[in-house]
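Trainee: Provided below are the primary sequence and the corresponding predicted coordinates.
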Amino acid sequence: MSTSRIPRALASIRSTCPRCIPQSLPRSSVLVSTGIYRQLQQQQQRRSNSTLEGPRPITPYKEKEGGLRAHYGPRASITHDIAELSTKLEGKKVVIGGWLFSQRRASESLHFFTLRSSSSSVQLVSRVKGSSDELMKYPLESVVQVEGTVRARKQKAKSGSEAVDEIELEVEKVTLLNPADAVLPFYPNRPEVANEDLRAQHRYLDLRRQDLADNLKLRSKVAHIIRCYLHDQGFTEVETPILLNSSPEGAREFLVPTRSPNATGEPTFYALPQSPQQPKQLLIASGAMPKYFQLARCFRDEDGRKDRQPEFTQVDLEMAFVEGSAPSAQGEEGMRSTWAIGGRQVREVVEGMVKKIWKEVKGEELEGWFRVMPYDVAMDVYGSDKPDTRFEMYTLPIGYYPTLSDADLDKILLDQSPSTVEFMITPAEQAKGLDIASFAGNNAFIDYVKINESNTHSWPNDSVLTKPLGLQLDKSIPGGVKPGDVIWLSRRKKIAEGGWTHLGRLRVQLMESLVAKGLMTLPTTPHFLWITQFPLFTLADEDKSFLAHGRYSSTHHPFTAPMWEDLKDLTEGKVEGVRGQHYDLVLDGQEVGGGSVRIHDVELQEWVMREVLQLDEQEISRFDHLLKALRCGAPPHGGLALGFDRLIAILCGAKSIRDVIAFPKSGKGIDPVFKSPSISSDEVLKEYALTSLKKDAKETNTE
C-alpha cells in the first residue's frame, strides 16, 4: 500500500464498528507500523474473554426490613383529579392520588392531612385509627392514593378561592404508592424557599412548586394558541433539521462531532442551528408553501449572561410575496403610515397573534396597531434600541436642550466632530430618593450636575463634558432644569450604533431603583413597540466580533434586504448610512422578537457577502445552497422569530426565563441536573478522530 493511501485506510478502520472487524486480520505493514494491528488484536482478545466468562452472577433483590415499601399489584383506579372535587360530589366516594403535603394530629380519634396534586390540594380528615397511623408514618412528599367520601367543610379555608377549598375528604382507605426519603434536600411549596443552586440541582423536586408547574402549563397553553392561530391564517408547520453545517452568520455555534472523518482523516462536524433561518428561506424558495412556521429549538454558544440560555425556543415564521417597500401614505385597512418599510403582512400576522394570546391568557383587549419607532429616534430619545416607554425620562443630544441660545444651537449643528454630548434629567422629587453619587461612581463615562438656585442657567460650566462647548443658556426661554433636579451627561457618537448609550443603560437602572423604593409606579398596560430602520451593517456588535474579525457584520443577518430608498447608496459602497428592512418587536423594554424582509435577488445577495461582509470563498461556500435556491426563482419573502421563552416569562410575571423552562441551564451553560457538559474518554474521542488537548500537552512535555 502506498504511503499516500495510509490516512484513508486508517480512517476507514477507525470508523469501522469493532464487531464488524474480521476475526482474522491481515498483517499488513501499514497496520503494524501504525500500531493499529496491535490495538485491534487487543480488542478482539477482550471480546473473546468476555464471551468465555459470561456475565457475572446477579445478586438477588432483598427488601429492607421494617421499611416502607412501594405498592405493586392491583389497586383502585383514580376517579378524580384533586382540582375536580367540589360540593357537587358531596356524599360520593372518590379515589384520588397525590403527594402528602402536611400531617396534623388534632386528637386521638381525629387527624388532618393535606394531599397535593400538580394543580390543587385538598384537606383529608381521618377518624379511622389505622389509616391515621399509617398516614402519620409516611414521610412528607410520599405518593399516596386515598379512597374516601366527599364532605362539605364546616369551616371554609382562609384563603380558599377554588371549589375544592369548600370540601374535605373523609378517609376510608390509604395506599402508599411510593414512600419518599425521610429527609429530602428541601421541601417545595413551603414559605421558606431553598436557595437557587440547591433547587437547580434537584429541579425535579423544585418543579413541584405550584408556581413552576403553572408556568409550564401556561407555556403549553400559549403554544397551543399559537399553533391554532397560525393554522387558521394558512400557515403550515414544518420541522427543519437540527444537525446542519456551520455558517458565519451570527454568534458562536455548538459543534457536534461525527464518526466520519474526511478522506485525509480530519474530523467532521455538524453545527446546531442558531435559528432555522436558511432552511425556512429554502422552504419558501421551493414554492411548496407560501407560509411556514414552527416552534423551533435554537442553540447559541454565547458567554454567560443574565436571562439567556444556550438552547431556547422561538416561534419561527416566514411568508412569501411580502411587500418590499413602505405602505401607501394613507395606509391599508387602518395600517399606520409610520411603518416605513416592507413586510406589512408579517406585521399584521404577528400583531394579530400577540393580541389573541393576550386576550386568551390575560383577558386583555389590545386595541389598535402597535407603535412604530425608527432606530435612530429610539437611540436619540431613549438611548436604547429596545426602549421601555412606560415612563418619562429621556436621553437626548445636547442640541435638543430647550433653553439653548440660537448661536449655541448653530454652533452644535455646524460641529463636524463624530460625537456629541447627550443629557437626561431626573426631576427633584425622584432625585431625593436616589443615591446619585453611587450611580455615577459605577460608570466612568457618565457625569452629573446637581441643580440649585445659582446654576439653573449656568450648569454647563459645572461639567467637564459641556464646559468646553461654551454654551450660553437663554433665561427668557421656558423649560430646562429646575432646582433639585439632577442632569446626567455622557458622550456618544452622533450617528447611533449598537444597542445602548451610557445614559440609556442608566435610565433603566434609575427606573428599577425608583420602582423598588416606591417612588415610581409603572402602568400595567403592556407597551408594545416596533423598532424599524436599523443600520443594515455594523461594527459595534460584540456578539458577532468573533466571526467578523474587524469586518462589517450584518446587524440582523446577511439575508436582510436594504430599504429600497437606500439601495443606490448600498450598491455604490456607501454602507454606513444604509438602513435595513429589519423590525424588532419590543415589550416594556424587552426585545421579544425580530425579523426582516429578505434579499431575494441572488446577485445582490452574493455581492453583499463578498464585497460588504468580505466573506472569503470558504465562508461563501457555506451559503451555496441558499444562493442556488435564489437562482431557481425565489419569491420576495420575509419573516420573524418571537422569543418564546421570554414571551412566556413576561406572561407569567417570572423574574427569569429559567422559571418557564423545565430543565434550564445555569448562567454558564451548565446543566445542574444532568451534569452536562462532561468530558469523554480517550477511547470515545478516537472514534471521532479527536484527541484531548490535555493529553497532547502531557505528551509534548515528555518528549
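Mentor: Right, received. Where do you want to start? Numbering: from 1, shown residues only.
Trainee: In the chain, spot the helix with the most residues.
Mentor: Counting by DSSP state H, the longest helix found in the chain is helix 210-232.
Trainee: Can you spell out which helices and strands pack onto it?
Mentor: Packing contacts for helix 210-232, counted by 3 or more C-beta pairs under 8 Å, 6 or more residues apart in numbering; DSSP states H and E, involve strand 236-237, strand 291-299, helix 344-357, helix 644-652. Every C-beta, even on glycine, is put in place using the N, C-alpha and C of the backbone.
Trainee: Count the neighbours of R190 for me.
Mentor: R190: 11 surrounding residues under other C-beta atoms under 10 Å.
Trainee: Please give the element, helix or strand, for it.
Mentor: Secondary structure assignment for R190, by DSSP states H and E: no helix or strand.
Trainee: cool, and T240?
Mentor: Residue-wise, T240 maps onto no helix or strand under DSSP H and E.
Trainee: so what's it up against?
Mentor: With contact taken as C-beta atoms under 8 Å, 6 or more residues apart in numbering, T240 is in contact with 273, 276, 279-280, 283, 294, 296.
Trainee: Please report the distance of it from L283.
Mentor: Separation of T240 from L283 (C-beta to C-beta, to the nearest Å): 8 Å.
Trainee: try K494
Mentor: 42 Å.
Trainee: out of those two, which sits in the busier spot?
Mentor: Counted by other C-beta under 10 Å, K494 and L283 do not tie: L283 has more neighbours, with 22 against 13.
Trainee: In this structure the more buried one contacts M289, no?
Mentor: Yes - using C-beta atoms under 8 Å, L283 is in contact with M289, at 6.5 Å.
Trainee: residues shared between the contacts of these two?
Mentor: Common neighbours of L283 and M289 (C-beta under 8 Å, 6+ apart) are V238.
Trainee: give me the element I487 is part of.
Mentor: Per DSSP H and E: strand 486-493 holds I487.
Trainee: Tell me which helix or strand comes right after that strand, heading toward the C-terminus.
Mentor: Taking DSSP H and E, what comes next after strand 486-493 is helix 502-516.
Trainee: which helices and strands does the helix or strand following that next one pack with?
Mentor: Tracing the chain C-terminally past helix 502-516 and defining elements by DSSP H and E, one meets strand 528-532 next. Packing partners of strand 528-532 (3+ C-beta pairs under 8 Å, 6+ apart): helix 344-357, strand 371-374, helix 375-382, strand 582-587.
Trainee: The longest one vs helix 210-232, what angle?
Mentor: It stands for helix 344-357. Counting by axes from the mean of the first three to the mean of the last three C-alpha atoms, to 10 degrees, helix 344-357 lies at 140 degrees to helix 210-232.
Trainee: Give me the sheet partners of the strand holding I487 and which way each runs.
Mentor: strand 419-426 (antiparallel), strand 446-450 (antiparallel) (DSSP bridges).
Trainee: for those, which one sits closest to Y187?
Mentor: strand 419-426 (44.7 Å; C-beta to C-beta).
Trainee: Buried residues in that closest one, which are they?
Mentor: Within strand 419-426, the residues that qualify as buried are 420-426, counting by 16 or more other C-beta atoms under 10 Å.
Trainee: CA atoms only: put the helix or strand following that strand into CSV for me.
Mentor: Remark: after strand 419-426, the chain's next helix or strand is helix 428-431, criterion DSSP H and E. Extracted C-alpha coordinates of helix 428-431, given in CSV (Å, rounded to 0.1, in the frame of the first residue of the first chain):
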residue,chain,number,x,y,z
ALA,A,428,-36.2,66.8,42.0
GLU,A,429,-39.0,64.6,43.6
GLN,A,430,-37.3,61.5,42.2
ALA,A,431,-33.7,62.6,42.8
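Trainee: What helices and strands are in contact with helix 428-431?
Mentor: Contact partners of helix 428-431 among helices and strands, from 3+ C-beta pairs under 8 Å, 6+ apart: none.
Trainee: in that helix, what counts as buried?
Mentor: 430-431.
Trainee: Which residues does that helix contact?
Mentor: Where contact means C-beta under 8 Å, 6+ apart, the residues beyond helix 428-431 that reach it are 450, 482-486, 510, 514, 519-520.
Trainee: what's near enough to touch the residue nearest to P672 when sequence neighbours are not counted?
Mentor: Excluding its sequence neighbours, the residue lying closest to P672 (C-beta to C-beta, 6 or more residues apart in numbering) is A200, at 4.3 Å. Applying C-beta under 8 Å, 6+ apart, we find A200 in contact with 206, 664, 666, 672-673.
Trainee: on that earlier part again, take the contacts of T240 and lay them out in a markdown table including distance to L685 and secondary structure.
Mentor: A markdown table is the format used below for the contacts of T240 (distance: C-beta to C-beta, whole Å; DSSP: H, G, I helix; E, B strand; the rest coil):
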| residue | distance to L685 | secondary structure |
| --- | --- | --- |
| P273 | 25 | coil |
| P276 | 30 | coil |
| P279 | 30 | helix |
| K280 | 35 | helix |
| L283 | 37 | helix |
| Q294 | 34 | strand |
| A296 | 31 | strand |
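Trainee: which regions of the stretch 601-703 of the chain lie under the pLDDT threshold?
Mentor: 695-703 (pLDDT under 70).
Trainee: Report the separation between V146 and E683.
Mentor: Taking C-beta to C-beta, one finds V146 at 52 Å from E683.
Trainee: still on that earlier bit, Throw together a ChimeraX command that grabs the buried residues out of the contacts of helix 428-431.
Mentor: Selecting the buried subset of the contacts of helix 428-431 in ChimeraX, with 16+ other C-beta under 10 Å as the burial test, is done by:
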select :450,484,485,486,510,514,520
